[in-house]
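> Below: sequence and its predicted model.
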Amino acid sequence: MKFVLIFGPQAVGKMTVGQELAKMTELKLFHNHMSIDLVNHFFDYGTRQGKRLVSLFREELFEEVSKSNVDGLIFTFVWAFDLQSDWEYVEKISRIFESKGGTVYYVELEADLETRMERNQTSNRLEHKPSKRNIEKSEADLLETLENHRLNSFEGEIQKENYIKIINNQLSAAETSKLIKERFQL
């Protein structure tokens with residue numbers, strides 16, 4: 001079982017890279033908005049109920065996939081490196097797969113703000129993430145999160161064997177996915 005965790009700030013290209021990687025491999029994509037947008041029909045993600053349901057749905061899916069004969073899973077996540085709770089969450093979901101003999105691959109994406117603002121409005125993003133269709137609100141959230149949290153790691157901060165950081169300003173999703181596939185022999 002392979003668990004590929006693609007993380008980085010909003011609109012860096014996590015989902016799009018995950019889509020391409022899924023096409024190149026036998027891995028299934030579970031991008032973070034699949035659970036957020038499901039729950040948003042009932043409770044805003046920012047509420048206690050919304051966060052609880054998103055967390056429950058994700059963990060249950062991780063548990064079932066980790067026990068299945070699925071080749072692997074790609075999951076996307078915005079990791080706030082300044083929040084201990086995010087570090088703990090990454091360890092928790094990694095343990096789900098590792099405890100069943102799986103291997104976790106950590107893929108960090110980084111792009112400059114200008115690139116991310118452009119990507120925030122792509123048709124693919126808007127098609128697959130209904131909560132991002134209000135561009136003004138989405139941009140405000142992107143900027144607020146950038147101001148309040150550190151969304152990329154410092155050099156040497158992540159001490160995982162199966163880790164790669166890719167600055168993907170000038171790379172297509174297919175080029176980025178190819179780097180990931182080759183690096184980890186997926």
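Sure thing, it's come through.

> C-alpha from now on. contacts and neighbour counts both.
Noted.

> Which parts of the chain are strands?
Here the chain has its strands, by DSSP state E, at 2-7, 28-30, 72-77, 103-110, 163-167.

> Let me know which of those is tucked in deepest.
Comparing the strands of the chain by mean neighbour count (mean count of other Cα atoms under 10 Å), strand 2-7 ranks first with a mean of 24.

> That one pairs with which strands?
The pairing partners recorded for strand 2-7 under DSSP bridges are strand 72-77 (parallel), strand 103-110 (parallel).

> Could you check the angle it makes with strand 163-167?
40 degrees (axes from the mean of the first three to the mean of the last three Cα atoms, to 10 degrees).

> For M34, which of the strands paired with strand 2-7 is the nearest?
strand 72-77 (10.0 Å; Cα to Cα).

> what is the mean pLDDT for that closest one?
Across strand 72-77, pLDDT averages out at 97.

> Ok, stretch 116-129 next?
81.

> Buried ones in it, by neighbour count?
For stretch 116-129, burial by neighbour count (16 or more other Cα atoms under 10 Å) applies to R116, M117, R119, N120, Q121, R125, L126, H128, K129.

> Kindly format the C-alpha coordinates of that stretch as CSV.
These are the backbone C-alpha positions of stretch 116-129, laid out as CSV (Å, rounded to 0.1, in the frame of the first residue of the first chain):
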residue,chain,number,x,y,z
ARG,A,116,-0.9,30.6,-7.0
MET,A,117,-3.3,33.5,-7.6
GLU,A,118,-3.4,32.6,-11.3
ARG,A,119,-4.0,28.9,-10.5
ASN,A,120,-6.7,29.9,-8.0
GLN,A,121,-8.9,30.7,-11.0
THR,A,122,-8.3,27.8,-13.3
SER,A,123,-11.3,26.0,-14.7
ASN,A,124,-10.1,22.6,-13.4
ARG,A,125,-9.9,24.0,-9.8
LEU,A,126,-13.3,25.6,-10.1
GLU,A,127,-14.9,22.5,-11.6
HIS,A,128,-13.6,20.2,-8.8
LYS,A,129,-13.9,22.6,-5.9
